[in-house]
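Take this sequence and fold it.
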Amino acid sequence: MSKIAVTGGAGFIGSHVVDRLIKENHDVVVIDDLSSGRKENINDNAVFYEVNICDPYLREVLGKESPESVIHLAAQASVRNSLANPRFDAHTNIIGSISLLESCKDLCIGKVVYASSVGVYGEPQYLPVDEMHPIKPISPYAVSKQTVENYLYYYKKTHNIDCVSLRFANVYGPRQDPNGEAGVIAVFINRLLQDQKAVINGDGGQTRDFVFVEDLAKAVLLALEKNTECNVFNIGTGSEVAIEKLYNNLKKIVDSSLFPIYGEPIGGEIRRMYVNPELVKKELEWMPETDLKSGLKKTISWFRSRKKEAI
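Numbering: from 1, shown residues only. Modelled structure (predicted):
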C-alpha cells in the first residue's frame, strides 16, 4: 500500500483510476479544479483538494500529503477547444505539467504516470500504430501531449523521476460527460436515449480504437506498479471501428430507429486510427478484458440509471 496523488481525479477517467487504486488499498489524494470533473465522482475514501495544476498551491498540497507517486490525468482534453484556443491549451497542458514535475523534483516524488494520447502520431503512416511510429501531431492538443512526453523524458534522465507515458486510444464508459469531453460514444448514447438525432461529423467512415475505461484504469495501475525498460505505451484494443458502424451498434442496443445527421468534418481530425497493443501486453501484462458490445451495454445502462435519477 502506498500514497498516490491523482491529478484530474474527479474526472471521467480519473475517478475510475481512483476507484481502482482504493480497491487495491492505496491511499489516494485527488487534485482537481472541477472545471470538467465532478464532486460526485470522487471516491469517499480519497482526500480531495480543489486545485488547478497551474496554481502554485499545488506544490504545498503535494508537500503536505507526501505521495510516493503521481498519476497525472488533469488536462484541457478537447481537440476542438485546442484548435479554438491553443494558448489556453498550452498553458494548462504544458505549463501545468511542468509545474507538477518541478514539484515532484523538489519533493523527491519517485514516479509519474502520465496520460498522453494516440493523437501524438497524427495521420498514421501505417496501421496498426505502434510506439515506434513517427510523431506528427496535427492539433494543438496533440502537440501539447507530445511536448509533455519530452519533458517527462528530461525529468527521468536528469532528475531520476521514473516517468511513464500512456498513449490512450478513445476511452469510453460510465461517467463520461456527453456535453464536455469529446467522447463520441457518450454523445451518441445521450442523444439516442433522449430520442434525438446524433450528428456524425464527416461521412462516418473515420475509425477509432475504443477502450473501456475500467480496462484502462487497470493499465494505469500496472504502469504505476511495474518497473519496465520502456517508458511509452499505447493503451488500446488493437481493433478498428468505424464511427458509422459504432452508431448503428448503439442504435440496435438502445432499440432506436433514428438515423444520424451527417455534418461537416472537424479540422485536425485523424481519418483512421487503431493501435498495436503488443508492447503493453508484453511489458505490463495488460490486455483489455471488455469487448465493445459489453462495454457499450454497461455504458448505456449507466446513462439510463442517471436518467432515472434525474426524474
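
now the host helix or strand of Arg80, how far from the chain's geometric center?
If you go by DSSP states H and E, Arg80 is part of helix 79-84. Distance of helix 79-84 from its chain centroid, counting by Cα atoms, centre = their mean, to the nearest Å, is 16 Å.

what ranges of the stretch 1-150 of the chain fall below the confidence cut-off?
Within the stretch 1-150 of the chain, not a single segment meets pLDDT under 70.

hey, where'd the helices end up in it?
In the stretch 1-150 of the chain, the helices defined using DSSP state H, counting those that start in this stretch lie at 12-23, 57-65, 79-84, 86-90, 96-106, 140-159.

Could you check the helix holding Arg80 and say which residues are buried?
For helix 79-84, the buried set under the neighbour-count rule, 16 or more other Cβ atoms under 10 Å, comprises Val79, Asn81, Ser82, Leu83. (Each C-beta comes from the backbone N, C-alpha and C, glycine too.)

ok, those residues vs Pro288, which is closest?
Each of the buried residues of helix 79-84 was checked against Pro288 using Cβ to Cβ; the closest is Val79, at 23.2 Å.

do you know how far the closest one is from Asn201?
The spacing between Val79 and Asn201, counted by Cβ to Cβ, to the nearest Å, is 11 Å.

where do the contact lists of these two overlap?
With Cβ atoms under 8 Å, 6 or more residues apart in numbering applied, the overlap between the contact sets of Val79 and Asn201 consists of Ile266, Glu269.

looking at the helices of the stretch 1-150 of the chain, which is buried most?
Between those, the one whose residues have the most neighbours on average, counting mean count of other Cβ atoms under 10 Å, is helix 12-23 (a mean of 24).

who touches that one?
Residues outside helix 12-23 that contact it (Cβ under 8 Å, 6+ apart) are 4, 6-9, 28, 30, 32, 37-38, 41-43, 45-46, 71, 73-74, 115, 168, 171, 173, 175-177, 181, 183, 213-214, 216-218, 220-221.

Check stretch 152-169 too.
Taking Cβ under 8 Å, 6+ apart as the criterion, the residues outside stretch 152-169 that touch it are 13, 101, 104-105, 109-118, 120, 131, 148-149, 208-211, 216, 219-220, 223-224, 227-228, 231-237, 273-275.

If burial is judged by neighbour count, which of these pass?
Taking 16+ other Cβ under 10 Å as the criterion, what is buried in the contacts of stretch 152-169 is 13, 101, 104, 109, 111-118, 120, 131, 148-149, 208-211, 216, 219-220, 223-224, 231-237, 273-275.

so who does the residue in the chain sticking out farthest from the centre touch?
The outermost residue of the chain relative to its centre, with distances by Cα atoms, centre = their mean, is Ser257 at 31.3 Å. For Ser257, the contacting residues are Lys251, taking Cβ under 8 Å, 6+ apart as the criterion.

and Leu224, what does it touch?
Contact criterion Cβ under 8 Å, 6+ apart gives Ile4, Ser69, Ile71, Lys111, Val113, Val164 as the residues in contact with Leu224.

cool, Asn52 as well?
Counting by Cβ under 8 Å, 6+ apart, the residues that Asn52 touches are Asp33, Ser35, Leu58, Gly96.

Spell out the residue ranges of the strands in the stretch 101-250 of the chain.
Counting by DSSP state E, counting those that start in this stretch, the stretch 101-250 of the chain has strands at residues 111-117, 162-168, 170-172, 199-201, 207-208, 210-212, 232-235, 241-242.

what residues does stretch 270-280 touch?
118-119, 121-124, 127-131, 138, 167, 169, 205-209, 219, 230, 233-241, 286-288.

Kindly report the same for stretch 288-295.
Outside stretch 288-295, the residues touching it (Cβ under 8 Å, 6+ apart) are 172-173, 210-212, 214-215, 218, 236-237, 239, 241, 249, 253, 277, 298.

let's see it at 7 Å
Contact with stretch 288-295 is made by Tyr172, Gly173, Phe210, Val211, Phe212, Glu214, Asp215, Thr237, Val241, as judged by Cβ atoms under 7 Å, 6 or more residues apart in numbering.
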